[in-house]
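Chemist: sequence first, then the predicted structure, then my questions.
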Amino acid sequence: MNINGEWVGDDLDTINVVNPANGETVGTVPRGGEKEANQAIEAAHNAFHSWSQLTAYERAGYLKRLHQLMLDNTEELAEIMTLEMGKPIHESRGEVKYAASFIEWFAEEGKRIYGETIPSHVSGKRLQVWKKPVGVVAAITPWNFPAAMLTRKMGPALAAGCTVIMKPSGESPLTAVKLMELCEQAGFPKGVINLVTGSSSKIAKAIMENDKVRKITFTGSTEVGKILIRQSADQVKRLSLELGGHAPLIVLDDANVDVAVKGVMASKFRNAGQTCICANRIYVQSGIYDAFVEKFSKAVEELKVGNGMNESVDIGPLINQAGLDKVNHHVDDAVNKGASVVTGGKSITEDRGVFYQPTVIKDVDQSMVVMQEETFGPVAPIQKIESLEEAAAFANDTPYGLAAYVFTENVAKGTRLIEQLNFGIVGWNDGAPSAAQVPFGGMKESGIGREGGHEGIDAFVESQYVSIGME
Ligand SMILES: NC(=O)c1ccc[n+]([C@@H]2O[C@H](COP(=O)([O-])OP(=O)(O)OC[C@H]3O[C@@H](n4cnc5c(N)ncnc54)[C@H](O)[C@@H]3O)[C@@H](O)[C@H]2O)c1
Ligand SMILES: O=C[C@H](O)CS(=O)(=O)O
């Protein structure tokens, strides 16, 4: 842990960080709790005034140094990431660059936090809106993108003049430790960025009860997001929530089947299907169904499963046994209710690793758990549909609203379909929509607010209306 510029926690118990590819312990972090969280909050509070008084240009200088340090340390960051959570090393390298792009983009965006003047209704007044940083920010992040989910929060928060407490997942905290080392090398003043690891509930308790924390930005499951909404009420803490998803992917008859297959492969199997925007259910119109299933299944059979440190591996392990159990349950439930396995369908537990074969199942229906609950694994369930209207109805039949995908070459059909979809992110003939400059986030139970893009920095700024009497 790093609090007020000091590495602390040697006196505490530790949490083992386990490589899901082979069950080996790859590192440990201190098991911090309420006391350490409050120390970090105090440090961030004490650093806030001086940090927020810097110009956006001065703050951008620190962020740009961090951006370059991340790129210079891509290989080490990627290796740590793969060892602690399993994603293939080439994906980890990509995540480091993606994560660094948030730091770079928001270094500049901080310079564009504009206020406004408003025409007065009386001659003796001048009406203005000033923008101010929200204050001390707590950032709680998931295990599946250990770098990007932190920088997607740190970047805008720091650029806006806020100070930060980072709380990474206990499943993959080592990437955050390395990121904190790079923040030190970038020269951020003590207390501006703090890192706490340990008991999430105890740390969160301190965050929720300490009124010095004005903003909580959380990325994780919808279940935990709902807990935080309830807990934030006592002090009306500002909340940004990036929560779970259950993405529908729709392939219409007039889709380019090769484009569709490429898009599904990108959306479904990234991080072994463990991303919030993975296609979780695939609806294929009857006219293209057989051609799509054949081409898609052949592409899936080419995927190589194994330890992510192997450059040729496409599908690494699931994060833990619980993740594997959920995937097994989703496939077993579908098959028991009448679905059939086209390829894959089995777990691979060798060398204490937790792997699952890239899987395609067909003849699924809405009654199956895989079509209702987030799978978070390399399983592609395919359901035949007859019409655009049927596709829209099935797609929207979920409490989630994060990402959706549409494959059609027909502009009118694509437009009519997407207008009906209640999802914050839509890939149209594109299975990989994410980027630093776009508003990323969900509708319904997939979250509150957006990360990335100019909306991403609004989350860390308060508007202050100033009425100036000129009598
Ligand atoms: N919408 C997005 O941008 C996005 C991005 C990545 C992951 N996710 C979602 O995150 C989930 C997978 O990540 P996960 O398993 O780490 O999620 P999680 O909700 O289990 O944990 C997320 C973070 O919250 C902490 N946490 C757990 N219980 C808590 C509590 N009671 N109070 C405070 N903090 C608590 C965890 O330690 C972790 O740091 C999936 O549902 C996925 O869809 C969403
Ligand atoms: O898992 C959720 C991430 O937000 C996906 S992405 O890396 O932003 O595309």
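Modeler: Looks like it arrived, so ask away. Ligands and ions are numbered 1, 2, ... in the order given.
Chemist: what's near enough to touch the spatially most central residue of the chain?
Modeler: When Cα atoms, centre = their mean is applied to the chain, the residue found nearest the centroid is Met149 (5.0 Å). Residues counted as contacts of Met149 (Cβ atoms under 8 Å, 6 or more residues apart in numbering) are Thr141, Pro142, Thr219, Glu242. C-betas here are computed from N, CA, C, even on glycine.
Chemist: pick the one among these closest to Leu318.
Modeler: Closest to Leu318 out of these is Pro142 (14.1 Å), distances taken as Cβ to Cβ.
Chemist: quick one: the closest one from ligand 2, how far?
Modeler: 7 Å (Cβ to the nearest ligand atom, to the nearest Å).
Chemist: pretty sure that residue contacts Lys167?
Modeler: No: contact criterion Cβ atoms under 8 Å: Pro142 and Lys167 do not qualify, at 10.9 Å.
Chemist: those two: who's more crowded?
Modeler: Lys167 (27 against 22; other Cβ atoms under 10 Å).
Chemist: the host helix or strand of the residue nearest to the centre of the chain near ligand 2 at all?
Modeler: Here Met149 sits within helix 148-160, counting by DSSP states H and E. Yes: Helix 148-160 comes into contact with ligand 2 (Cβ under 6 Å from any ligand atom), by way of Ala148.
Chemist: stretch 71-82 too?
Modeler: No: Stretch 71-82 lies apart from ligand 2 when judged by Cβ under 6 Å from any ligand atom; the minimum separation is 12.4 Å.
Chemist: report the mean confidence score over that stretch.
Modeler: Taken as a whole, stretch 71-82 has a mean pLDDT of 98.
Chemist: contacts for it?
Modeler: By Cβ under 8 Å, 6+ apart, the list of residues contacting stretch 71-82 reads 70, 87-89, 92-93, 95-97, 100, 146-147, 172, 174-175, 178-179, 182, 308-309, 316.
Chemist: around ligand 2, pick out the residues from the stretch 1-150 of the chain.
Modeler: Residues of the stretch 1-150 of the chain lying close to ligand 2 (Cβ under 6 Å from any ligand atom) are Asn144, Phe145, Ala148.
Chemist: one step back: and the contacts of stretch 71-82, which are buried?
Modeler: For those, a neighbour count by 16 or more other Cβ atoms under 10 Å gives the buried set as 70, 87-89, 92-93, 95-96, 100, 146-147, 172, 174-175, 178-179, 182, 308-309, 316.
Chemist: where in the stretch 351-471 of the chain is pLDDT low?
Modeler: The stretch 351-471 of the chain contains no residues with pLDDT under 70.
Chemist: just checking, next helix/strand downstream of the helix or strand containing Val17?
Modeler: Per DSSP H and E: Val17 is located in strand 14-18. Remark: after strand 14-18, the chain's next helix or strand is strand 25-30, criterion DSSP H and E.
Chemist: how about the strands of the stretch 51-200 of the chain, start to end?
Modeler: 116-118, 125-133, 136-140, 163-167, 193-195 (DSSP state E, counting those that start in this stretch).
Chemist: so what's the gap between the first one and the chain middle?
Modeler: In terms of Cα atoms, centre = their mean, to the nearest Å, the centre of strand 116-118 is set 35 Å apart from its chain centre.
Chemist: work out the sheet partners of that strand and label each with its direction, please.
Modeler: strand 125-133 (antiparallel) (DSSP bridges).
Chemist: just to revisit the earlier point, if you skip the residues just before and after it, what's nearest to the residue nearest to the centre of the chain?
Modeler: Thr141 (4.2 Å; Cβ to Cβ, 6 or more residues apart in numbering).
Chemist: quick check: residues of the protein near ligand 1?
Modeler: Close to ligand 1, as judged by Cβ under 6 Å from any ligand atom, the chain has residues 140-145, 149, 167-170, 200-201, 204, 219-221, 224, 227, 242-245, 276, 374, 402, 442, 447.
Chemist: which of these count as buried?
Modeler: 140-145, 149, 167-170, 204, 219-220, 224, 242-245, 276, 374, 402, 442, 447.
Chemist: any low-confidence regions in the stretch 201-350 of the chain?
Modeler: Scanning the stretch 201-350 of the chain for pLDDT under 70 picks out nothing.
Chemist: identify the residues contacting the residue of it found nearest ligand 1.
Modeler: Residue of the stretch 201-350 of the chain nearest ligand 1, by Cβ to the nearest ligand atom: Gly220 (2.7 Å). Residues near Gly220 by Cβ under 8 Å, 6+ apart: Ile140, Thr141, Pro142, Ser169, Glu242, Leu243.
Chemist: gap between the third one and Pro168?
Modeler: Applying Cβ to Cβ, to the nearest Å, one obtains 9 Å for the distance of Pro142 from Pro168.
Chemist: and what of Leu249?
Modeler: Distance from Leu249 to Pro168, by Cβ to Cβ: 30 Å.
Chemist: go on, Gly414?
Modeler: In terms of Cβ to Cβ, Gly414 sits 38 Å off from Pro168.
Chemist: ok, now Ser52?
Modeler: From Ser52 to Pro168 the distance is 24 Å (Cβ to Cβ).
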